[in-house]
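Asks: 3D model of this:
(one chain, ligands or ions: 2)
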Amino acid sequence: MQKTASPRPTRTVEADPMASLAGLLREWLPRQRWFAGKDRPVTDLSLLSMTELFPGCLHLLVHAGHSAVPAPGGTPPAGDCYQLLIGVRQHLSPRLGRALIGRAEEGPLAGLTVFDALQDPRSAQLLLERLRHPGPSGPLRFEADPSVTVPAGLVPRVLDAEQSNSSLVYGDAFILKLFRRIQPGVNPDLEVPGALAEQGCRRVPAPVAWFRTTHPREATLGVLQPFLRDASDGWTLALDALASGGDFTAEARQLGRATAEVHLALASAFPSRGLGENGRTAAAMTERLENAAHFVPALQPYVPGLRTAFGALAACDPGPPAQRIHGDLHLGQVLRAGREWFVIDFEGEPSRPLAERRAVHSPVRDIAGMLRSFDYAARQRRPWRPEWARRCREAYCAGYADRAGWDPRKKHGLLRAYETDRAVYEVLYEARHRPDWLPVPMAAIERLAVRGA
Ligand SMILES: Nc1ncnc2c1ncn2[C@@H]1O[C@H](COP(=O)(O)OP(=O)(O)O)[C@@H](O)[C@H]1O
Ligand SMILES: O=P(O)(O)O[C@H]1O[C@H](CO)[C@@H](O[C@H]2O[C@H](CO)[C@@H](O)[C@H](O)[C@H]2O)[C@H](O)[C@H]1O
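Replies: Ligands and ions are numbered 1, 2, ... in the order given. Below is the predicted model of the structure:
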């Protein structure tokens, strides 16, 4: 184990470092995987909050504005708030080269080297120390579950994953997720696992420590939870099965059961609402489709057909009651450790407003997310393996029905509408983040719009 120092007292720094940082961050931010505004130029950067977490490490909330370009639907995009941990030093050791943001030329940090402090093991250790000692740091509040002991000196490493946020793994015992794009309010990725733990649900790792800000608005900033050692995510396992010709139906069936168990625990932990309202659901789906088609013109030829398909929802059985759900369920959000499936990342679809992500929705939405994921996996192989995805769908729905007491396959109209809605979200997501992947959800759109299945 490495030695760790106790964190020193923190203070809120008065001088505005943006005079030094704005130019560097304007270059650096759009290159980060978690930066959501890659498709629009950053027109302005402003500081919302700054706390010196420990000497040489600034905790910043910055606003990245994109005011020049209209958003889909004609609303001008106001921009986003991002959380940054910025290290400032005279010189950066060459082994931290990939953390480099640049050298400040002007302002209060002129002449100093600026870097991403999360990549620096010393800063990562001090951050854990801060979480181990709950209390305030300027506007920040560090809090912990008093029943869990987090040992000192755990060796940190940055998780090397395709992520929407940034995570640090400590001694293969805990994982800290730092939310990057910050929205005011409680993040469901803290709220939901905490509430599920109180229900005794063991399918979701429970938060052990977290931190939040009170300025400029209350918001969750990070969550520490147990790290599931030797776990493999569902996406990797599915691709391995596809590559080796192995069967994935037993896994898919257990995954269906695990999903149903999490849904049942969510329904106990949070208030549910009566039966789903298909009319409102259809209107919301249509609006999302039209907004997405504004941004991705390839969707436009399918809009009339899909609008009609969503409209047909009104005649469908409303399905199970609306309740809190995962909100962005796919094979990358489930981990297999030992013989069990665990569900992680309850943030919901990152581009939706927090209030919408914390609202109740039909559990069919999560089921549709996972079914879309089987299709994504099957399309990673040439030739495409539709029968593999179809078998996984059947098994997953059967497993879900075993535990939930109702069978998603009997809600055909609803399931089809939610799969379409999810594919529309994916088109927008891929256009923004991974244009090479766009054909995967576009193929589903074509299938659902033209053939309806
Ligand atoms: N409790 C955990 N135990 C083991 N690995 C985890 C755990 N939580 C997350 N991970 C790993 O971290 C990755 C990213 O986590 P996730 O919560 O999905 O982040 P993001 O919201 O940034 O995409 C996951 O795909 C998984 O590999
Ligand atoms: O970063 P998150 O895990 O919160 O989710 C976002 O990124 C996902 C990709 O990393 C994206 O998922 C899409 O691609 C997956 C394969 O990489 C596939 O299994 C999913 O079915 C598909 O939706 C997800 O949509 C996005 O919110």
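Asks: what's the burial count for the closest residue in space to residue 44 that isn't next to it in sequence?
Replies: Nearest non-adjacent residue to residue 44, counting by Cβ to Cβ, 6 or more residues apart in numbering: residue 65, 4.2 Å away. C-beta: built from backbone N, CA, C; applies to glycine. Applying other Cβ atoms under 10 Å, we find 17 residues neighbouring residue 65.
Asks: quick one, phi psi at residue 65?
Replies: Backbone torsions for residue 65, taken as degrees, to the nearest 10, come to phi -100, psi 150.
Asks: who touches it in this structure?
Replies: Residue 65 makes contact with 42, 43, 44, 45, 46, 78, 79, according to Cβ atoms under 8 Å, 6 or more residues apart in numbering.
Asks: so which one among those has the lowest pLDDT?
Replies: Here the lowest pLDDT out of these sits on residue 78, with 73.
Asks: helix, strand or coil for the residue in the stretch 301-450 of the chain positioned nearest to ligand 1?
Replies: Residue nearest to ligand 1 within the stretch 301-450 of the chain: residue 345 (3.4 Å; Cβ to the nearest ligand atom). What DSSP: H, G, I helix; E, B strand; the rest coil gives for residue 345 is coil.
Asks: who's in contact with it?
Replies: 189, 326, 328, 333.
Asks: What about ligand 1: which of those touch it?
Replies: By Cβ under 6 Å from any ligand atom, the members of those lying near ligand 1 are residue 333.
Asks: from the contacts of residue 345, which single one is nearest residue 421?
Replies: residue 328 (12.6 Å; Cβ to Cβ).
Asks: measure stretch 63-83 end to end?
Replies: With Cα to Cα, to the nearest Å as the measure, the ends of stretch 63-83 fall 9 Å from one another.
Asks: Check stretch 295-311 too.
Replies: Termini of stretch 295-311 sit 22 Å apart (Cα to Cα).
Asks: residues in contact with that stretch?
Replies: 72, 282, 285-286, 289-290, 292-293, 416-417, 420-421, 424, 427-428, 431, 438, 442, 445-446, 448-450, 452.
Asks: Would you enumerate the residues in contact with whichever residue of the stretch 1-150 of the chain sits closest to ligand 1?
Replies: In the stretch 1-150 of the chain, the residue that lies nearest ligand 1 is residue 34 (6.9 Å; Cβ to the nearest ligand atom). Contact analysis of residue 34 by Cβ under 8 Å, 6+ apart lists 163, 164, 165, 166, 180, 181.
Asks: ok, the third one touching residue 182?
Replies: In other words, residue 165. No - at 10.2 Å, residue 165 does not count as touching residue 182 under the criterion of Cβ atoms under 8 Å.
Asks: Who has more neighbours out of those two?
Replies: A count of neighbours by other Cβ under 10 Å puts residue 182 above the other of residue 165 and residue 182, at 24 against 21.
Asks: Please settle this for me: is residue 172 part of a strand?
Replies: No - secondary structure of residue 172 (three-state DSSP): coil, not part of a strand.
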